[in-house]
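A.B. asks: Here you go, sequence then predicted model.
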Amino acid sequence: MRWHRLDEMCDASCCMPGKVQQGLVISLQSEQTPNFLELQVETILNEIKGLLELLGDGDTKDVKRVFKGGWDLQPKNSTDLASWYDLHPLNGALDFDHGKFSEDNLKKVTMEDIRSLFMSHVHPASTVRSKLSIHLISQNPTQIKGVSDDAVAAFNSLLEQHKSQLDFDAPQACEDAKRVLGANPTLSEFSRYWSSILDE
C-alpha cells in the first residue's frame, strides 16, 4: 500500500521471507522530524482501522481470488528463483519457508478475523504489539525549499485566469494567503495551505 501526503511518501508491506520475520513494515520518507513521523504512522494506522470497520466479508473475495489454489513457490524462471532464495539469507531467515498455505484455510478467514488481528498486533491501542522504529537523518544541512515571489505571482495569475471555475473569490483568497503565510513561505507551507483551500 502507498500513501502520498504532500511532502511525505509512505509504503506499507508485509515482511515475511521466512518464519523469522513476520509483521508489517512501514517506510516513510519525509523532511519532517521523527516525532512528527511517528504521529503520522499512528494516524495512518487509525485510517486503516476505520477502513476495516467499513468492510464486510464480501469485500475480501477479490483478495482471496489472488491466492486461488494456495500460495506456493512457482518461479517463472531461474532468475526469479535465485532472487527468492537470496532474499532469505539477506534478511536473516535461513529456514527458506515460502509461506505455503491451504486455500481451504484461507476460505475460513473472515473480516472479523482480520480486524481482530490488526487491533491486537498492529494498531497503536494494542497492549501486546511490538514496534521497532529506525530513523535515518541526513547529516547535511537541511535545505528548506521556499516559494519565490515570482512563483507566488504566477500561481495567483493562474487562479485569476480560472476564477470562473472556482467556488471562492480568487483575489480575496490570494490576499488571505499572503496574510497567513507571510513573506517567503516554504514549499511545504504553501502546498499545505492551498491544498486545504482547493480541496474544500
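C.D. replies: Sure, I can see it. Numbering: from 1, shown residues only.
A.B. asks: Number of residues surrounding Ala177?
C.D. replies: Look at Ala177: counted by other C-beta atoms under 10 Å, it has 19 neighbours. Placement of C-beta: from N, CA and C, glycine included.
A.B. asks: So it is in contact with Tyr193, correct?
C.D. replies: Yes: using C-beta atoms under 8 Å, Ala177 makes contact with Tyr193 at a distance of 6.1 Å.
A.B. asks: ends of stretch 161-169, how far apart?
C.D. replies: 12 Å (C-alpha to C-alpha, to the nearest Å).
A.B. asks: Quick check: mean pLDDT of that stretch?
C.D. replies: Model confidence over stretch 161-169 averages 81 on the pLDDT scale.
A.B. asks: can you check stretch 108-124 too?
C.D. replies: For stretch 108-124, the per-residue pLDDT averages 90.
A.B. asks: Now that stretch: buried residues?
C.D. replies: Buried positions in stretch 108-124, judged by neighbour count with 16 or more other C-beta atoms under 10 Å: 111, 118, 122-123.
A.B. asks: other SSEs contacting the longest helix along the chain?
C.D. replies: Of all the segments of type helix in the chain, defined by DSSP state H, the longest one is helix 34-54. Packed against helix 34-54 by the contact rule (3 or more C-beta pairs under 8 Å, 6 or more residues apart in numbering; DSSP states H and E) you find strand 8-14, strand 24-29, helix 111-121.
A.B. asks: now the residue nearest to Phe118 when sequence neighbours are not counted: how far from Val41?
C.D. replies: Of all residues beyond its chain neighbours, the one nearest Phe118 is Leu52 (6.0 Å), with distances taken as C-beta to C-beta, 6 or more residues apart in numbering. If you measure Leu52 against Val41 using C-beta to C-beta, to the nearest Å, the figure is 17 Å.
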